[in-house]
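Chemist: A predicted structure for the sequence below; I have some questions about it.
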Amino acid sequence: MFNLSKFSTGFVLGFGAGFVSRDLLANGSSVMRPVLKGFMKAGVTVMEKTRESVVEFTETLEDMLAEVRSEHFAKQGPKRAPVKRAGASAATAAEPAKVKSTAAHKS
């Protein structure tokens with residue numbers, strides 16, 4: 001649940017840190033710039049590693065899902081009904097579409 005006390009404390013601390021860091025960057029940029037760059041590099045590295053982990057996890061889940069579907073449908077056997085298209089009758093679903101030639105009907 002939302003806790004106003006924690007939110008306001010975090011907001012005040014964040015605002016204060018931003019205000020102080022602005023002054024430190026303006027006055028002591030030679031000291032703070034490398035430190036901030038180091039934090040940013042670490043953040044980018046963590047973000048990339050996290051992204052790679054999520055992609056690998058997603059691939060693993062997709063592989064597992066494909067295996068489960070394969071096993072599930074293998075157990076069902078030939079009992080599965082053919083998939084029908086929406087709006088198609090049983091006769092038209094089994095027959096290929098016939099295309100009338102317009103060249104034979106020229107008047």
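Modeler: Sure thing, it's come through.
Chemist: which strands or helices does the lengthiest helix in the chain pack on?
Modeler: Ranked by residue count under DSSP state H, the longest helix found in the chain is helix 29-76. The helices and strands touching helix 29-76, judged by 3 or more CB pairs under 8 Å, 6 or more residues apart in numbering; DSSP states H and E, are helix 4-27. All C-beta atoms are positioned from the backbone trio N, CA, C, and that covers glycine.
Chemist: give the rounded mean pLDDT of stretch 16-33.
Modeler: Regarding stretch 16-33, the rounded mean pLDDT is 69.
Chemist: wait, I meant stretch 38-54
Modeler: 91.
Chemist: contacts for it, please.
Modeler: Residues from elsewhere that reach stretch 38-54, judged by CB atoms under 8 Å, 6 or more residues apart in numbering: none at all.
Chemist: list the buried residues of it.
Modeler: Residues of stretch 38-54 include none that count as buried (16 or more other CB atoms under 10 Å).
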